[in-house]
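Chemist: What follows is a predicted structure for the sequence shown.
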Amino acid sequence: MKITAGVKSRKEAEYFLTNGADEVYCGLVGLRNNRLPRENFSRPEDLKPVLELARRTGKKVFVAVNELVREQEHPETLHLLAELKELGVDGAILRDPALLAYFKKKKFKFYFTLSTLANCFNSRTLAFFARLGLSRIVLPMQLMPENAEKLIKNRYGLETEVFCQALYYGVNLDSLCTLPCPQTSENFSKKFTDFTCLLPYSCGKDVFRMPMPPPEYMFGAFYDYFHLGVGHAKVARWPNVLREIDLFLKVRLLVKLLEKGVSRKLFIHEGLRLDAKPLQYGKSFTLKSLAG
Amino acid sequence: MEKVLLLSPWQAEKARPKALAGFDAAMTGSEFCHNELPSAEAAAALAAAGGGKFILSTPIMTDKALGGWERFVRKHRSLLAEVVVNDWGFAGFLRTQRLELSAGRLMMRELALLAPGWVKDFLRRHGIARGEADRPDLAEAAKRLGLQVSWHGGYVFRAVTTYCPFEDHFKAACSLSCAGRTLKLGNRQLGQDLFLAGNAYFSEQTTKKIPARIYRQVIRPAGSGPA
């Protein structure tokens, strides 16, 4: 299983590519993606050292265009992606069917990955997107292996990618959630102490928290995804890079365990030992990057 | 303007002819939870109460749930006045059934932001003539796309999960323990209450004003929470 890590800077890309990541992906100003502008590379030229390192080490670099893109921005997005392809970028991560259709119409071929934000939960929806020209799909964070077999063993030859859901999980479907969120608001922290989906809510005399599956179940899901043949594990871009490195190192260790062939029971046991408080991702949404 | 009564599948099972007095049709199913597939009894009760036909709401669904919804549509095709669709893939299946379609509240949130040229082609190819809306901007977007607006008053959709908040699982089968329950959730930071119904969170609409030039109004029974 290959590991894909999200990065915000050259230095972060160097760290992940020299510490076991097989691929990195990033945002670029000018390409709509679901992170704040400050988390993106500024210009295509800034990617050159990352691409050179990737070439030297036999690794890959992708860019994220994982938001819906306005029609008037389609030509510019195509122009920018063509420039990045020329520079050596290996592909793009998208969720917009209209943009994919535009690229198809313009005969622009690239390695396209369908983002988790596209909410592709079944094989009919996969057929809908596959016709538009995909090479890989990132399964929805809220899709579990028992419901994903047809997507993994798909008839289009698409590669598949998953998050390690035990360590990184969205409480609600990200792209359809309109609750206030630090991912989409510069001023978020002034008003909210945490992700609003992680806040405690009063419910009569009780306290309600939006539910998450237990970590045992989620470590089991990651194990099952590996054994179903998912080829890529994703460590998402994270504002706080120290937190992302922590996640990355844990995922790297979990993948090694899987490749060693440990039993499901032992894998879950080791996963719980590795992170006693998994899914606490909302506590560290402060921008801490490795500059450069 | 048409008036449609929105019933949960368990309310639909108990529907009597009087329940639909003053309404042009009934709507059942769910736009959010793939486990809220109406029963054959619900379909029969609504057909009997609503002049022979009803509107079916459908959610985003996994492969395991998809089979059940497809079977329901095939079996009750002659009773379906229209299907509200939220899943790109299921829309493809419905196109083959030649049913009248409406873009659901989740799908409308995407259509409103996608390239209009592509969206209009998608709507034409799938025979989607209406759009469900619970926010004025979505109603306006639907009109710009040439869709008739089906307006859901009272609550606005905010978020949805596939992990059942009432039963703690992802399964495409459940005991419907959410039936008839709405949880009111408060947190001062948010500044407004949330309402959990099934697997979706809603908040109250900030205005009771119904947008101009809408085709139909979708109304829940008195005392019912969001759906």
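Modeler: Cool, got the structure. Numbers count the residues shown, from 1 in each chain, chains lettered A, B, ... in the order given.
Chemist: So what's the residue count around residue B:41?
Modeler: 12 (other C-beta atoms under 10 Å in any protein chain shown). Every C-beta, even on glycine, is put in place using the N, C-alpha and C of the backbone.
Chemist: Show residues contacting the helix or strand where it lies.
Modeler: Using DSSP states H and E, residue B:41 maps to helix B:40-49. If you take C-beta atoms under 8 Å, 6 or more residues apart in numbering or on different chains as the criterion, helix B:40-49 is touched by B:7, B:9-10, B:12-17, B:19-20, B:26, B:28, B:38, B:53-54, B:72, B:75-76, B:79.
Chemist: Give me the subset of the residues you listed lying in strands.
Modeler: B:26, B:28, B:54 (DSSP state E).
Chemist: Between those, which sits nearest residue B:222?
Modeler: Minimum distance to residue B:222 across the ones in strands among the contacts of helix B:40-49 is 15.1 Å, recorded for residue B:26 (C-beta to C-beta).
Chemist: List the contacts of the closest one.
Modeler: With C-beta under 8 Å, 6+ apart, residue B:26 has these contacts: B:4-7, B:12, B:15, B:19-20, B:46, B:49-50, B:54-55.
Chemist: Out of those, who's the most crowded?
Modeler: residue B:46 (31 neighbours).
Chemist: Return the distance of that one relative to chain A.
Modeler: Separation of residue B:46 from chain A (C-beta to the nearest C-beta, to the nearest Å): 26 Å.
Chemist: Spatially, what comes nearest to that residue if we skip its sequence neighbours?
Modeler: Excluding its sequence neighbours, the residue lying closest to residue B:46 (C-beta to C-beta, 6 or more residues apart in numbering or on different chains) is residue B:54, at 4.1 Å.
Chemist: tell me the contacts of the residue of chain B found nearest chain A?
Modeler: With C-beta to the nearest C-beta, the shortest gap between chain B and chain A falls at residue B:89, namely 2.8 Å. Residues near residue B:89 by C-beta under 8 Å, 6+ apart: A:120, A:122, A:123, A:124, A:125, A:126, A:127, A:128, B:66.
Chemist: could you give the mean pLDDT of the helix or strand it falls within?
Modeler: According to DSSP H and E, residue B:89 maps onto helix B:88-96. For helix B:88-96, mean pLDDT is 97.
Chemist: Tell me the one among the contacts of residue B:26 nearest to residue B:208.
Modeler: Residue B:208 lies nearest to residue B:6 out of the contacts of residue B:26, by C-beta to C-beta, at 17.0 Å.
Chemist: State the pLDDT value of the closest one.
Modeler: Looking at residue B:6, its pLDDT reads 95.
Chemist: and if you look at residue B:154?
Modeler: The confidence metric pLDDT takes the value 94 at residue B:154.
Chemist: burial measure for it, as a count.
Modeler: 17.
Chemist: most residues in a single helix of chain A, which one?
Modeler: In chain A, taking DSSP state H as the definition, the longest helix is helix A:241-260.
Chemist: For residue B:162, which non-adjacent residue is spatially closest?
Modeler: residue A:142 (4.3 Å).
Chemist: now the ones in strands among the contacts of helix B:40-49 as a markdown table including pLDDT?
Modeler: Listed next are the ones in strands among the contacts of helix B:40-49 as a markdown table, based on pLDDT from 0 to 100:
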| residue | pLDDT |
| --- | --- |
| B:26 | 94 |
| B:28 | 96 |
| B:54 | 94 |
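Chemist: Widest-spaced pair of the contacts of residue B:26?
Modeler: Using C-beta to C-beta, the contacts of residue B:26 span at most 14.8 Å, a distance reached by B:19 and B:55.
Chemist: got the residues of the stretch 151-292 of chain A near chain B?
Modeler: Proximity of the stretch 151-292 of chain A to chain B (C-beta under 8 Å from any C-beta of the partner chain) is limited to residues A:151, A:171-173, A:176-180, A:191-193, A:196-197, A:199-204, A:208, A:210-213.
Chemist: what helices or strands is the longest helix along chain B leaning on?
Modeler: The single longest helix within chain B, with elements called by DSSP H, is helix B:63-75. Contact partners of helix B:63-75 among helices and strands, from 3 or more C-beta pairs under 8 Å, 6 or more residues apart in numbering or on different chains; DSSP states H and E: helix A:123-130, helix A:149-152, helix B:88-96.
Chemist: What residues of the longest one count as buried?
Modeler: Just to be clear, that refers to helix B:88-96. Residues of helix B:88-96 classed as buried: B:88, B:89, B:90, B:91, B:92, B:93, B:94 (neighbour count, 16 or more other C-beta atoms under 10 Å in any protein chain shown).
Chemist: which residue ranges form the helices in the stretch 151-292 of chain A?
Modeler: A:188-191, A:215-228, A:241-260, A:264-274 (DSSP state H, counting those that start in this stretch).
Chemist: Now do the worst-scoring helix or strand of chain B on mean pLDDT: distance to the chain's middle.
Modeler: Using mean pLDDT, DSSP states H and E, helix B:40-49 stands out as the lowest-scoring helix or strand of chain B, at a mean of 90. With C-alpha atoms, centre = their mean, to the nearest Å as the basis, helix B:40-49 stands 17 Å off its chain's centre.
Chemist: Next one, pLDDT for residue 191 please.
Modeler: Using chain A. The per-residue pLDDT reported for residue A:191 equals 68.
Chemist: I was after chain B.
Modeler: The predicted local confidence for residue B:191 is 85.
Chemist: tell me the SS of it?
Modeler: coil (DSSP: H, G, I helix; E, B strand; the rest coil).
Chemist: Can you give me the neighbour number for it?
Modeler: 9.
Chemist: now do residue A:138
Modeler: Going by other C-beta under 10 Å, the residues that sit close to residue A:138 add up to 24.
Chemist: List the residues that contact it.
Modeler: Here residue A:138 is in contact with A:93, A:113, A:114, A:115, A:116, A:160, A:161, A:162, A:163, A:234 (C-beta under 8 Å, 6+ apart).
Chemist: Mind doing that once more with 10 Å?
Modeler: A:4, A:66, A:93, A:95, A:113-118, A:120, A:159-163, A:232, A:234, A:236 (C-beta atoms under 10 Å, 6 or more residues apart in numbering or on different chains).
Chemist: can you give me phi and psi for residue B:204?
Modeler: Here is the backbone geometry of residue B:204 (degrees, to the nearest 10): phi -70, psi 140.
Chemist: again with the one 10 residues further on
Modeler: Here is the backbone geometry of residue B:214 (degrees, to the nearest 10): phi -100, psi 150.
Chemist: For it, give me its contacts.
Modeler: B:1, B:2, B:133, B:139, B:142, B:143, B:148, B:149, B:150, B:151, B:153.
Chemist: Find me the pLDDT at it, would you?
Modeler: Confidence score, pLDDT, at residue B:214: 96.
Chemist: other SSEs contacting the helix or strand residue B:196 falls within?
Modeler: For residue B:196, the host element (DSSP H and E) is strand B:194-197. With contacts taken as 3 or more C-beta pairs under 10 Å, 6 or more residues apart in numbering or on different chains; DSSP states H and E, strand B:194-197 sits against strand A:201-203, strand B:155-160, strand B:182-185, strand B:200-204.
Chemist: redo that, cut-off 6 Å
Modeler: In terms of contacts (3 or more C-beta pairs under 6 Å, 6 or more residues apart in numbering or on different chains; DSSP states H and E), strand B:194-197 is packed against strand B:182-185, strand B:200-204.
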